[in-house]
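# quick one, fold the following:
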Amino acid sequence: MSDFPRWKYFLVAVVLVLGILYALPNAYPPLQAVQVTPAQGTSLDPTVQQKVISALQAAKLSYVDESLKHDPNRGDYIVVGFANGDLQKSAADALKAALGENYNVGFNLESTVPRWLGVIGGRAMPLGLDLQGGVRFLMAVDQNDIIDRQENRYTQDITALLKDKKISFISVTRNATRGQGVIVVTGSQADRTAASDAIATEYTDLAVTDGQSTGDRFVLNAVIKPNKLHDLQVSAIRQNLTTLGNRINALGVSEPVIQAQGEDHISVELAGVQDPAEAKKVIGATATLQYVAGLGEARFNGRDWMGDQTVADAVHSGNIPPDAHLYYNAENTIAYLVSKNIIASGDELADASSGTDQQTGSPSVNVTLNSVGASKMLDFTRENVGKPMAVVYVENTTDTKIVDGKEVRTPKTTYQVINYATINGVFSNKFQTTGLGSPKAASDLVTMLKGGSLAARMDIVSEGVIGPSLGQDNIDKGLKAVLLGLGLVLLAAAIYYKLFGLVADIALFFNLVVLVAVMSMIGVTLTMPGIAGIVLTLGMAIDANVLICERVREELRNGSTPLAAIRAGYEKAWATILDANVTHLIAALALTTMGSGPIKGFGVTLLIGILTSMFTSVTVTHAITALIHGGRKLKTLSV
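All right, here's what the predicted structure looks like:
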């Protein structure tokens with residue numbers, strides 16, 4: 001058909017070739033593997049790799065492939081592939097016993113896509129939790145932690161306010177009972193009245209009342225109002241949802257499901273993650289940095305603590321000055337006294353990146369503070385040049401123990417001084433933190449800092465690992481559904497529309513290929529609803545060819561020549577095809593933009609499928625028809 005432009009032939013050829021190339025990675029299923037990573041303070045080398053091989057051989061476990069790899073985010077790791085899940089589990093148990101606590105052993109899925117496909121950007125579609133398994137966590141937000149944080153913040157803020165207003169006071173402390181606010185003690189009635197007016201004016205969310213006074217101690221109570229406390233709890237849930245999303249992005253999990261459940265719980269579903277320990281480490285940690293004034297240090301020489309006598313006495317007696325904390329370094333060989341007043345923390349971080357200290361060559365974290373943190377850091381360094389400042393690494397974890405047959409979880413906070421140095425000059429928003437043990441430790445810290453700190457501590461109250469066996473069963477059933485639906489449509493079209501039906505069948509096959517290719521290229525996660533969307537797309541895609549074939553038949557009945565009937569059939573059917581698909585697109589777009597979870601997955605697949613079917617059903621079939629009938633003298637058409 002001379003009226004079909006050559007550039008359209010070229011377009012069809014390019015799309016079909018690219019479609020085949022980028023759909024091809026899905027023909028390579030991932031390999032079930034065991035991953036070995038070093039714990040903090042250890043490293044991987046060929047001797048560890050040989051130890052892994054020896055342990056597998058001793059356990060008589062056959063493996064498909066093993067290699068030592070490096071990833072910028074994960075560092076060095078060893079991955080060993082296995083033919084099935086039973087071997088994978090047995091190998092993980094054997095390696096944990098052989099390697100001990102210095103190495104983390106977890107499950108993983110290793111890609112088997114050929115390297116040349118990876119070079120051009122080819123990748124298989126990530127599978128959802130219902131298809132490839134994964135982990136599910138239910139996390140409880142610690143409401144008491146929200147109160148503690150806010151009352152501590154108000155304690156510091158009120159202290160700063162009274163100093164700024166030059167109002168004399170004896171002390172500003174938290175009430176011993178959680179939720180009962182801050183207690184301000186002044187030396188006179190006039191100072192208490194002035195403090196009450198200042199606090200009530202500056203902090204409208206606090207209910208300020210006079211407390212019981214004795215002698216020359218006049219007490220003032222400042223309690224958080226109930227509506228403010230409720231707002232804080234709601235805000236904490238929202239911030240934790242955002243923070244978890246940022247942290248999980250660092251895990252590389254596609255389409256994670258993170259949603260609030262009730263008033264104080266968050267549900268997290270991570271598809272494809274087979275190592276719950278690694279996932280918990282990232283999403284449950286509340287690691288951050290605190291920059292505080294250093295008050296002294298003492299070193300352990302093997303027999304005794306030498307250095308600042310106050311620090312040494314605090315280590316021996318346990319009597320720590322009321323305005324200080326006693327912390328240690330990672331090896332517990334250096335003790336530090338640091339101020340309780342925090343200069344700046346991870347909450348005031350604007351940006352962070354890992355790097356290397358130019359002077360020592362050791363790993364470092366380059367920190368940028370926001371305006372509030374920068375102002376406080378500038379004031380502190382301006383007044384304390386020549387004095388020490390400590391960088392404290394704070395990590396909140398949860399210890400799990402079995403007591404009387406029940407799992408008991410206990411929150412635990414660890415403090416570790418990673419850097420203690422003299423302030424040599426004035427700085428504010430940008431500076432460098434050194435003292436990290438390894439490049440991976442620096443990278444992990446940056447991930448947590450950039451992901452944001454949690455607004456409140458969260459404890460994992462339940463977790464579940466969904467094995468890939470159920471997912472494989474879903475994949476098999478979904479594949480059978482696609483093939484059955486495709487086969488029945490192909491058969492019906494070929495019988496009813498003959499040659500034109502066969503052309504439509506070819507286009508329908510390529511529609512499936514291009515659809516899978518596009519979903520793979522943009523990283524759409526395939527779920528069971530997505531498979532349903534593919535089946536529906538295949539059924540809808542043939543509608544356009546039905547319209548075209550019926551139009552061609554109608555033109556032949558009206559006396560048009562075969563070539564003219566083909567031309568008119570495509571031209572006149574196009575408007576109807578476009579109208580029908582536009583309404584489908586609107587519905588799919590609504591599902592995609594306003595839906596979530598399975599609904600969104602179905603909508604995305606349907607949206608892409610409609611676009612690909614419009615191209616294959618019209619342009620591809622027209623190209624094939626033009627090749628078959630072009631330049632021939634036809635008396636009739638097989639339609």
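# secondary structure element holding K412?
strand 406-422 (DSSP states H and E).
# buried residues in that strand?
416-420 (16 or more other C-beta atoms under 10 Å). (C-beta placed from N, C-alpha, C; glycine too.)
# what's the distance between K163 and R303?
Here K163 is placed at a distance of 44 Å from R303 (C-beta to C-beta, to the nearest Å).
# the two: who's more crowded?
Taking other C-beta atoms under 10 Å, K163 and R303 do not tie; K163 has more neighbours (12 against 6).
# so which strand or helix has that one?
Taking DSSP H and E as the definition, K163 sits inside helix 143-164.
# just the angle between that helix and strand 406-422, please?
Put simply, helix 143-164 runs at 30 degrees to strand 406-422, going by axes from the mean of the first three to the mean of the last three C-alpha atoms, to 10 degrees.
# what packs against helix 143-164?
With contacts defined as 3 or more C-beta pairs under 8 Å, 6 or more residues apart in numbering; DSSP states H and E, the secondary structure elements packing on helix 143-164 are strand 171-174, strand 182-186, helix 189-202, strand 218-224, helix 226-251.
# deepest in the core, which of the ones you listed is it.
strand 182-186 (a mean of 23; mean count of other C-beta atoms under 10 Å).
# hmm, back to that, then the strand holding K412 to CSV, C-alphas only?
Provided in CSV are the C-alpha atoms of strand 406-422 (Å, rounded to 0.1, in the frame of the first residue of the first chain):
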residue,chain,number,x,y,z
LYS,A,406,7.1,-15.0,75.5
GLU,A,407,8.9,-12.5,73.4
VAL,A,408,9.8,-9.4,75.4
ARG,A,409,11.0,-6.3,73.6
THR,A,410,13.0,-3.7,75.6
PRO,A,411,14.0,-0.3,74.1
LYS,A,412,17.7,0.5,74.3
THR,A,413,19.6,3.7,73.6
THR,A,414,23.4,3.6,73.1
TYR,A,415,25.7,6.6,73.1
GLN,A,416,29.1,6.6,71.5
VAL,A,417,31.6,9.5,71.1
ILE,A,418,32.9,9.2,67.5
ASN,A,419,34.9,12.4,67.5
TYR,A,420,36.4,14.6,70.2
ALA,A,421,38.5,17.5,69.0
THR,A,422,39.4,21.1,69.8
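# starting at the chain centroid, how far to that strand?
What separates the centre of strand 406-422 from the centre of its chain is 23 Å, taken as C-alpha atoms, centre = their mean, to the nearest Å.
# picking that back up, pick the one among the buried residues of strand 406-422 closest to I20.
Checking these against I20 with C-beta to C-beta, the nearest one is I418 at 52.3 Å.
# distance check, that closest one against V365.
From I418 to V365 the distance is 9 Å (C-beta to C-beta).
# G373: which element?
Using DSSP H and E, G373 falls in helix 371-383.
# just list what that helix packs against, helices and strands only.
Under the contact rule (3+ C-beta pairs under 8 Å, 6+ apart), helix 371-383 is packed against strand 334-345.
# and the strand it packs on, what does it pack against?
strand 288-300, helix 309-317, strand 324-328, helix 371-383, strand 388-403, strand 406-422.
# closest one to Q57 among the ones you listed?
For Q57, the closest of these is strand 388-403, at 33.4 Å, according to C-beta to C-beta.
# how far does stretch 585-598 sit from the chain's center?
22 Å.
# same check on stretch 522-531?
With C-alpha atoms, centre = their mean, you get 18 Å for stretch 522-531.
# for it, C-alpha coordinates in CSV please.
C-alpha atoms of stretch 522-531 as CSV (Å, rounded to 0.1, in the frame of the first residue of the first chain):
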residue,chain,number,x,y,z
ILE,A,522,9.9,2.5,34.0
GLY,A,523,10.1,0.0,36.9
VAL,A,524,6.5,-0.8,37.4
THR,A,525,6.0,-3.4,40.1
LEU,A,526,4.1,-6.4,38.9
THR,A,527,1.4,-7.6,41.3
MET,A,528,-1.6,-9.9,41.0
PRO,A,529,-3.9,-6.9,40.2
GLY,A,530,-1.3,-5.9,37.6
ILE,A,531,-1.6,-9.4,36.0
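# so which residues make contact with it?
Stretch 522-531 has contacts (C-beta atoms under 8 Å, 6 or more residues apart in numbering) with 123, 125-131, 254-255, 271, 474, 478, 481-482, 519, 598-599, 601-602, 604-605, 608.
# point out where the stretch 251-400 of the chain drops to low pLDDT.
Applying pLDDT under 70 to the stretch 251-400 of the chain flags the ranges 251-255, 272-287, 350, 396-400.
# could you rerun that using 90?
251-291, 301-304, 307, 316-319, 321-323, 329-332, 340-377, 379, 385-386, 390-400 (pLDDT under 90).
# and if you look at the stretch 101-250 of the chain?
101-161, 163-165, 171-181, 202-205, 211-217, 224-250.
# could you rerun that using 80?
The stretch 101-250 of the chain contains residues with pLDDT under 80 at 101-111, 126-134, 145, 149, 153, 176-180, 239, 242-250.
# you'd agree G122 is in a strand?
No: according to DSSP: H, G, I helix; E, B strand; the rest coil, G122 belongs to no strand; its state is coil.
# what about the nearest residue to it once chain neighbours are set aside, how many neighbours?
Closest residue to G122 apart from its sequence neighbours, by C-beta to C-beta, 6 or more residues apart in numbering: P25 at 4.6 Å. Neighbour count of P25, defined by other C-beta under 10 Å: 22.
# going along the chain, name the helices of the stretch 451-600 of the chain.
Using DSSP state H, counting those that start in this stretch, the helices of the stretch 451-600 of the chain run over 468-521, 528-557, 562-594, 598-614.
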